[in-house]
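Participant: pasting the sequence and the predicted coordinates here, then a few questions.
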Amino acid sequence: MTSDPPPSPNPPALASPGRPAPAPRRLPAVPSPLPGESLFSWVDHLAAELDIPRGEAMRALGLESATSHAWQLGMVTSRMTVSQACAVEKATGLDRRALEAMIFEDVVPGQVPPPRPRLVNRLKQLTAFCPSCLLPPGRWPLWWGEPWAVMCPLHQRYLVSVCPACLSPFAPVRLLSRARGRCCELMDNLNTTARKRSGRCGQLLWACKQPTVTDPLLPRLHDRLVQQFARREQDQDVRVVWQLVRACGVRVFDTPDAVLRDRFPAGGADREDLRRNSTGFLQPHHAEDLGPIRLRRRGVGDAVTTAAELRVVAQILFSSAPERTARELLEQVRQPLGVGWFPKGFVENVLPGASRRLLPLLWSVLKADLAARAVRCRSSATASPRRDGVAVTLCS
């Protein structure tokens, strides 16, 4: 009968709920992040360079978690604590500025608070992806998580929103480190009646076809948004005009790009798997099998449809007379809309950031509500000076 070996005098430090994880050691070789690269992409590339799984790479960086590695890495890509930043800095030598350039928000002190809905949506589904950028080694930018991401400025092609094989949306949290560049959606998730696991999709994402961008205005607007995203700025004029386009609807759409023009048919009729959205463009709708006699259609985010909306936004913004251009293109500009047509907080939070050249357009659309708000601001002694100034300017 053999006895158990004696305990080691220096047992390894294991992470536990009551004890912090061991401090990471300096890695021998660390690839430099690409300009604008996502932290998720960089960690996956680091794991591929070291030939280790994603979970081991996260442990080496001090980002160990008891939950799913992909989900935890997505959370850190959204928001990172000071302790996590210090651990990654010690293991890689990257400073705080380089780490903040790879995440959506600045490093926050202490523990990460509960994620806001927008951050959770970024984890579940990104807007789209560029198949050419996912070619091995497959590294992608952080701005893919923004709603305006519709084209790749490097390859001058439209992004792809869903896997063409299983129609599941692209999301890094669904990618497996052992299957880089492949769709890893579980096939039984696509049919609510199927409970048996039937394997993963396995579609090569870099093999997806993507049309070329030929519209002259869309790349100009997209480059402007990418540059402002790199500076941690938000283009309020784009936000304002985009909301106006979605609220008013498009009446006239003309572009030299045949791909975009195909999303705005002259007759306005729906097509197979394409239905008109509230803006007036055709958006993909895929059928879900809910049983032997029931089908349900759900709208799918589509980069081409979003690009068509942004083309209208660019045409209004880059015009010398935005109000006149909006009257020619949009449906409801001649009939003033109420604030209820816009998202909550639009007038209070987004509208004050608009530039003065948009004031005639905003006044023509929100005339009645803005006039009433200006009267209330003048009579209120506790009104915010900024909002009061905007309201009076719109009313004069």
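Facilitator: Looks like it arrived, so ask away. Numbers count the residues shown, from 1 in each chain.
Participant: can you list the buried residues in stretch 256-263?
Facilitator: If you call a residue buried by 16 or more other Cβ atoms under 10 Å, then stretch 256-263 has these buried ones: 257, 259, 260, 261, 263. All C-beta spots, glycine's among them, are computed from the backbone N, C-alpha and C.
Participant: then the helix or strand that the second one is a member of to PDB, C-alphas only?
Facilitator: Yep, that's residue 259 we're talking about. Of the helices and strands defined by DSSP states H and E, residue 259 is found in helix 258-261. Only the C-alpha atoms of helix 258-261 are listed here, as PDB (Å, rounded to 0.1, in the frame of the first residue of the first chain):
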ATOM      1  CA  ALA A 258     -27.000  49.800 -57.100                       C
ATOM      2  CA  VAL A 259     -26.700  47.800 -53.900                       C
ATOM      3  CA  LEU A 260     -28.300  50.600 -51.900                       C
ATOM      4  CA  ARG A 261     -30.800  51.500 -54.600                       C
END
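Participant: for that helix, the averaged confidence score.
Facilitator: Helix 258-261 shows a mean pLDDT of 94.
Participant: residues near residue 254, how many?
Facilitator: Applying the criterion other Cβ atoms under 10 Å, we find 11 residues in the vicinity of residue 254.
Participant: that one: what's its closest spatial neighbour, skipping adjacent residues?
Facilitator: In space, not counting the residues next to it along the chain, residue 254 is nearest to residue 261; the distance is 7.7 Å by Cβ to Cβ, 6 or more residues apart in numbering.
Participant: can you add distance to residue 73 and give the buried residues of stretch 256-263 back as JSON lines?
Facilitator: JSON lines is the format used below for the buried residues of stretch 256-263 (distance: Cβ to Cβ, whole Å):
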{"residue": "257", "distance to residue 73": "36"}
{"residue": "259", "distance to residue 73": "34"}
{"residue": "260", "distance to residue 73": "35"}
{"residue": "261", "distance to residue 73": "40"}
{"residue": "263", "distance to residue 73": "34"}
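Participant: of the residues you listed, closest to residue 201?
Facilitator: Looking at the buried residues of stretch 256-263 and their distance to residue 201, the nearest is residue 259, at 25.3 Å (Cβ to Cβ).
Participant: before we move on, back to that, what about the residue nearest to residue 254, distance to residue 161?
Facilitator: 19 Å (Cβ to Cβ, to the nearest Å).
Participant: identify the residues contacting the closest residue to residue 249 other than its chain neighbours.
Facilitator: Closest residue to residue 249 apart from its sequence neighbours, by Cβ to Cβ, 6+ apart: residue 331 at 3.9 Å. Listed by Cβ atoms under 8 Å, 6 or more residues apart in numbering, the contact partners of residue 331 are 248, 249, 250, 251, 280.
Participant: thinking again about what came up before, ok, the residue nearest to residue 254 - contacts?
Facilitator: The contact partners of residue 261, by Cβ under 8 Å, 6+ apart, come to 253, 254, 255.
Participant: residue 207 and residue 150, how far apart?
Facilitator: Going from residue 207 to residue 150 by Cβ to Cβ gives 20 Å.
Participant: let me fix that, I meant to ask about residue 306.
Facilitator: The separation that residue 306 has from residue 150, given Cβ to Cβ, amounts to 5 Å.
Participant: what's the answer for residue 85, then?
Facilitator: Remark: distance between residue 85 and residue 150 (Cβ to Cβ) = 31 Å.
Participant: then residue 250?
Facilitator: Applying Cβ to Cβ to residue 250 and residue 150 gives a distance of 16 Å.
Participant: which one's more surrounded, the two?
Facilitator: For residue 250 and residue 150, the more surrounded residue by other Cβ under 10 Å is residue 150, and the numbers stand at 26 against 18.
Participant: leaving out sequence neighbours, find the closest residue to the more buried one.
Facilitator: In this structure, residue 150 finds its nearest non-sequential neighbour in residue 307, 4.0 Å apart by Cβ to Cβ, 6+ apart.
Participant: show the backbone phi and psi for that neighbour.
Facilitator: For residue 307, the backbone dihedrals are phi -60, psi -40 (criterion: degrees, to the nearest 10).
Participant: my read: it touches residue 260, true?
Facilitator: Yes: look at residue 307 against residue 260 with Cβ atoms under 8 Å: they come within range, at 6.2 Å.
Participant: near residue 144, how many other residues are there?
Facilitator: Residues near residue 144, counting by other Cβ under 10 Å, number 22.
Participant: to clarify, my last question referred to residue 25.
Facilitator: Using other Cβ under 10 Å, residue 25 has 10 neighbouring residues.
Participant: element containing it?
Facilitator: Taking DSSP H and E as the definition, one finds residue 25 inside no helix or strand.
Participant: please name the residues that touch it.
Facilitator: Contacts here follow Cβ under 8 Å, 6+ apart; on that basis residue 25 touches 60, 91.
Participant: cutoff 10 Å now
Facilitator: By Cβ atoms under 10 Å, 6 or more residues apart in numbering, the residues touching residue 25 are 60, 62, 90, 91.
Participant: and those residues, which two are the farthest apart?
Facilitator: 60 and 90 (10.9 Å).
Participant: looking at those two, which has the bigger crowd around it?
Facilitator: Counting neighbours by other Cβ under 10 Å for residue 60 and for residue 90 shows that residue 60 has the greater number, 22 against 16.
Participant: and that one, how far from residue 172?
Facilitator: 19 Å.
Participant: before we move on, what about residue 301?
Facilitator: If you measure residue 301 against residue 172 using Cβ to Cβ, the figure is 15 Å.
Participant: who's more crowded, these two?
Facilitator: A side-by-side neighbour count of residue 301 and residue 172, using other Cβ under 10 Å, places residue 172 first with 21 against 17.
Participant: number of nearby residues for the residue lying closest to that one once chain neighbours are set aside?
Facilitator: Here the nearest residue to residue 172 in space, its sequence neighbours aside, is residue 40; by Cβ to Cβ, 6+ apart that works out to 4.7 Å. Other residues within reach of residue 40, judged by other Cβ under 10 Å, total 26.
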